[in-house]
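In: let me see the structure of the following:
(one chain, ligands or ions: 5)
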Amino acid sequence: MAAASVCFLLLLSVLFCSSRAKFEPNWSSLDSRPLPAWFDQAKFGIFIHWGVFSVPSFGSEWFWWYWQKQRLQPYVDFMKKNYPPDFRYQDFAPQFTAQFFDAKEWTDIFASSGAKYIVLTTKHHEGFTLWGSKNSWNWNAVDVGPKRDLVDEVASALRAHSNLRLGLYHSLFELCPELYELITKYRPEVLWSDGDGDAPDSYWNSTGFLAWLYNDSPVRDTVVTNDRWGLGSICKHGGYYTCSDRYQPGHLLKHKWENCMTIDRKSWGYRRNAPLRDYMSIQELVAMLVETVSCGGNLLMNVGPTPDGRIPPLMEERLRQMGRWLQVNGGAIYNTSAWRAQNDSQTPNLWYTFRPQEQTIFAMFLEWPKNGSVVLSEPLVTPGVTQVELLGVGPLQWVTAAPTGLRVLLPPLPVSEMPCEWGWSLRLSGAS
Ligand SMILES: *[C@@H]1O[C@H](CO)[C@@H](O)[C@H](O)[C@H]1NC(C)=O
Ligand SMILES: *[C@@H]1O[C@H](CO)[C@@H](O)[C@H](O)[C@H]1NC(C)=O
Ligand SMILES: *[C@@H]1O[C@H](CO)[C@@H](O)[C@H](O)[C@H]1NC(C)=O
Ligand SMILES: *[C@@H]1O[C@H](CO)[C@@H](O)[C@H](O)[C@H]1NC(C)=O
Ligand SMILES: *[C@@H]1O[C@H](CO)[C@@H](O)[C@H](O)[C@H]1NC(C)=O
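Out: Ligands and ions are numbered 1, 2, ... in the order given. As a prediction, the model looks like this:
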């Protein structure tokens, strides 16, 4: 009896162990891991670049590099004019106060944007960690500046909000100990790696780390990573592809990808000297989301908080506007797949998505046509069967178009009765 149950337990554990894929520390094995499904469903996330570079808030989050390594004139002049000659980059850290920072307020803003995940810079290339890393003595937010564990505050506020997932950005310098620390302490579901410094993945032991992440870490079932794990890995190895900053291929990719971009076109970190024209308009942002999702990507839209912990009101407005647009049009974005055509061959600025569960096609158009009708030349339609609906309004009339597709007759809505601005979505059922 006892022997039989021991055998049974052994058998169970063999079955259990062999059903769990064990990844090897090499790319062919790691690249075979299916991306956890939540990421493709989420479509929209928020990137946050925050750190000591937010204090000078001049030029770029690469401030230190441009000032003292490249000695770019505007940076050198800025320092000469405003700081004593012996001022060091490290002297900015005490002014990184976070005095107005309230993670709950940030979370409310993020939730109102319709984003499903956020990615916080826990450490940019200058090495300052936003958590009390034991591997970054006196160059972290608990020892200097805010004297608070900012990663913990963001992580806790997000966890209290069931709809938002935590992602952490980490620059590879200072090697692996910090990565293990971040994963075990904060359990992120996105790990956004960057900053390989042109060293190969073998230098960083990236495959060794990823094998641990996928096999044994506390987030092994849900975590997703990107492709920045060493020279040559970008757009080729790892989890989803980023390929470049502001990547926008304009066509469908077979591999899951993400377009990381920033509302302030010229910087990821906060810039006090950014003029309004450098901020993307909500029309541009909606257009970017639509094209990105249609081509199989996720959009990761960046904001740069101030050193005292506020999200600049103009960036907050963009986030809230995106949320308003998604409240009407989210059905065409979240949980969708790429359709067989991404854009329309007749009508410019018109992008398609598809919901396989319901066999519905979505057509998002970015300009309201002056003549009151929009032509969709890609779908195959059947009179009496195909139904068309404008999201936020209701069913619409349509007629067949030549040579293919349909012409949808839009209602003459006054601006005050538009369901949304900046872009509209048609939902087609009974079409293919
Ligand atoms: C990589 O891992 C796979 C297991 O998925 C193994 O079969 C293969 O031999 C490994 N390749 C190298 C080069 O180590
Ligand atoms: C690389 O990572 C693996 C997995 O964590 C670890 O076992 C191994 O010791 C690391 N190799 C080096 C050279 O640090
Ligand atoms: C997307 O799919 C997930 C998993 O099936 C579900 O939990 C979620 O509610 C869906 N979201 C939307 C907006 O349809
Ligand atoms: C889709 O848009 C791209 C530009 O984004 C354009 O080059 C291409 O011709 C369009 N495809 C169709 C079918 O119109
Ligand atoms: C309406 O304008 C669109 C372009 O906005 C054009 O493709 C379409 O042919 C026009 N329809 C009519 C009936 O003129």
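In: does stretch 44-57 come close to ligand 3?
Out: No. Stretch 44-57 stays clear of ligand 3 (C-beta under 6 Å from any ligand atom), getting no nearer than 11.0 Å. In short, each C-beta sits where N, CA and C put it, glycine included.
In: can you get me the start-to-end distance on that stretch?
Out: One end of stretch 44-57 sits 26 Å from the other (C-alpha to C-alpha, to the nearest Å).
In: what's the distance between the residue nearest to Leu289 when sequence neighbours are not counted and ligand 5?
Out: Nearest residue to Leu289, sequence neighbours excluded (C-beta to C-beta, 6 or more residues apart in numbering): Leu299, at 4.9 Å. To ligand 5, Leu299 is 26 Å away according to C-beta to the nearest ligand atom, to the nearest Å.
In: could I get the strand or helix carrying Leu299 in CSV with only the CA atoms?
Out: Using DSSP states H and E, the element containing Leu299 is strand 297-303. These are the backbone C-alpha positions of strand 297-303, laid out as CSV (Å, rounded to 0.1, in the frame of the first residue of the first chain):
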residue,chain,number,x,y,z
GLY,A,297,2.2,45.7,-32.4
ASN,A,298,1.7,47.2,-29.0
LEU,A,299,2.1,50.9,-28.3
LEU,A,300,4.3,51.9,-25.4
MET,A,301,3.8,55.7,-25.0
ASN,A,302,6.3,57.5,-22.8
VAL,A,303,5.8,60.3,-20.2
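In: make residue 1 into 26 and carry on from there
Out: Got it, first residue is 26 now, which makes that one strand 322-328.
In: what residues of the helix or strand following it count as buried?
Out: Sequence order places helix 338-354 as the next helix or strand after strand 322-328, per DSSP H and E. Buried positions in helix 338-354, judged by neighbour count with 16 or more other C-beta atoms under 10 Å: Met340, Glu341, Arg343, Leu344, Gln346, Met347, Gly348, Arg349, Trp350, Leu351, Val353, Asn354.
In: for stretch 145-165, same thing?
Out: 145-158, 160-161, 164-165.
In: what sits up against that stretch?
Out: With contacts defined as C-beta atoms under 8 Å, 6 or more residues apart in numbering, stretch 145-165 is touched by 73-78, 86-87, 89-90, 114-115, 118, 166-169, 174-177, 179, 191-196, 198-199, 202-203, 206-207, 210-211, 219-220, 294.
In: that older thread, and the buried residues of stretch 145-165, which of them are in strands?
Out: The strands, defined by DSSP state E, take in Leu145, Thr146, Thr147, Lys148 from those.
In: and the third one, how far is that from Leu207?
Out: This means Thr147. Taking C-beta to C-beta, to the nearest Å as the criterion, Thr147 is separated from Leu207 by 6 Å.
In: picking up where we left off before, just checking, what packs against the strand holding Leu324?
Out: Counting contacts by 3 or more C-beta pairs under 8 Å, 6 or more residues apart in numbering; DSSP states H and E, strand 322-328 is packed against helix 62-67, strand 69-73, strand 282-287, helix 307-319, helix 338-354.
In: so is that strand next to ligand 3?
Out: No. Against ligand 3, strand 322-328 shows no contacts by C-beta under 6 Å from any ligand atom, the least distance being 13.7 Å.
In: surely Asp177 and Leu193 touch.
Out: No. Here Asp177 does not reach Leu193: they are 11.5 Å apart, not a contact under C-beta atoms under 8 Å.
In: could you name every residue contacting both of these two?
Out: Shared contacts of Asp177 and Leu193, counting by C-beta under 8 Å, 6+ apart, come down to Tyr211.
In: understood, closing this out.
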